[in-house]
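>>> Here is the input, now give the coordinates:
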Amino acid sequence: MELNLSPKFAQKIFEGEGGTYYSWSSSEYELLKEAKVGGGRLVLQPRGFAFPHYADSNKIGYVLQGSGGVVGMVYPKVSQEVVLKLKAGDIIPVSSGVVSWWYNDGDSELVIVFLGETSKAYVPGEFAYFLLAGTLGILGGFSTEFNSRAYNLNNEEAEKLAKSQAGVLLIKLGEDQKMPQPCKNSTDKMVYDIGAASPDFHVQNAGLLTVLTEKKFPFIGEVGLSAILVKLEGNAMSSPIYAADSSVGVIYVAKGSGRIQVVGINGANVLDTELKAGHLCVVPRFFVASTIADAEGMEYLSMMTTTQPLFGEFIGETSVWGALSPQGIHASLNLTPEFEQVFRARIKKSTIIVPPHD
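Next up, the predicted model:
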């Protein structure tokens, strides 16, 4: 089956005074359906509020912009919500079935991209949301009789409960409406600032790579995912790698632009194209991917569908080529012994982030 790996921009699903929600459609980007992954982007204006809801998929949220984010989360069988603080650079795991609301308490836009796996979703490749309130909310779906009996209300009160909120998905709260204050202890436990974390790889004049796993951030294990933040300086390269554990990678370009090449089955170059800010790109299982930033640099987050990703590398101290015996390389590549030594020495000196050519 031929796969179309071309990166896509999200489509606008809803826009209101409180903000906008975008999503990637599996009908427009069929690889999402095949790989069972999905994505969405939430933009909240100041005082914008996203109604309480839960979804059918595990995902992570990555805050692209803003400093006044507030999220309330309610887990099943828990009597009180947890309120967390969000800012640019933060990652927050969101489990399927967990109720959450989102609010922008800042003076500028709050932008969050959500990336997740959709193996149990109603529509593979997309997140399905179940709203508690508003015109699309669960309350309005039940009859007055059922609501009155469930909540011990008379019919008039039940009607008022279900129909007082005329908003749809996102609304803007009035200046007199106050939301709960975030809890620092809970935020420290359930939110991780990957933007400020010490990188796993940092190459001067080239860039950095930060891997976020369950070992660093235990709470991400709740969603069975991990994340990699790559920041490339102008014309730097992220060298070819593949996921040796059969996980799928979902790349979201946060800033800048560049190029990506992906090589798949039978050595076929299945993707060679430009990446732009806002693009989402899926790297299928075992496919090899590499990126090069344009002159202004490029920053992207890659979500992996495992808590402990294992990568096969082609350059560096732990590269596949470096580990092969001289005889194995000679037989495989038909190189002279002299060139085999040059090749081995070069890859040993290289790193996963490659500086631009002089």
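>>> and the lengthiest strand in the chain, how far out from the chain's middle?
As assigned by DSSP state E, the longest strand anywhere in the chain is strand 288-304. Using CA atoms, centre = their mean, to the nearest Å, we find the averaged C-alpha position of strand 288-304 to lie 14 Å away from the chain's own average C-alpha position.
>>> can you list contacts of the helix or strand harbouring Val270?
According to DSSP states H and E, Val270 maps onto strand 269-276. Applying CB atoms under 8 Å, 6 or more residues apart in numbering, the set of residues contacting strand 269-276 from outside is 3, 5-7, 251, 253, 257-264, 281, 287, 291, 298, 300. Just so you know, the C-beta spots here come from the backbone N, C-alpha and C atoms, and that holds for glycine as well.
>>> Could you rerun that using 10 Å?
Outside strand 269-276, the residues that touch it by CB atoms under 10 Å, 6 or more residues apart in numbering are 2-7, 9, 251, 253, 256-264, 279, 281-284, 287-289, 291-294, 298, 300.
>>> Give the other helices and strands that the helix or strand just after it contacts.
Tracing the chain past strand 269-276, the next element assigned as helix or strand by DSSP H and E is strand 280-283. Packed against strand 280-283 by the contact rule (3 or more CB pairs under 10 Å, 6 or more residues apart in numbering; DSSP states H and E) you find helix 30-35, strand 37-44, strand 237-243, strand 249-263, strand 269-276, strand 288-304.
>>> nearest to Gly312, of the ones you listed?
Taking CB to CB, strand 237-243 is the member of those nearest to Gly312, at 4.9 Å.
>>> Now do the closest one: which elements does it pack against?
Secondary-structure packing of strand 237-243 (3+ CB pairs under 10 Å, 6+ apart): strand 207-212, strand 226-232, strand 249-263, strand 280-283, strand 288-304, strand 311-313, strand 353-354.
>>> do that again at 7 Å, thanks
Taking 3 or more CB pairs under 7 Å, 6 or more residues apart in numbering; DSSP states H and E as the contact definition, the neighbouring helices and strands of strand 237-243 are strand 288-304, strand 311-313, strand 353-354.
>>> Dump those into CSV; add distance to Ile60 as well.
Converted to CSV, the helices and strands packed on strand 237-243 look like this (distance: least, CB to CB, whole Å):
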stretch, distance to Ile60
strand 288-304, 6
strand 311-313, 19
strand 353-354, 23
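>>> Could you dump those into CSV with distance to Met237 and mean neighbour count added?
Listed next are these as CSV, based on distance: least, CB to CB, whole Å; neighbours: other CB atoms under 10 Å:
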stretch, distance to Met237, mean neighbour count
strand 288-304, 5, 21
strand 311-313, 13, 17
strand 353-354, 4, 22
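>>> if we can go back for a sec, need the winner for burial among the helices and strands packed on strand 280-283.
Mean neighbour counts were compared across the helices and strands packed on strand 280-283 using mean count of other CB atoms under 10 Å; the top stretch is strand 37-44, at a mean of 26.
>>> Quick one: list the elements packing against that strand.
If contacts are counted by 3+ CB pairs under 7 Å, 6+ apart, strand 37-44 sits against strand 19-23, strand 99-104, strand 110-117, strand 249-263.
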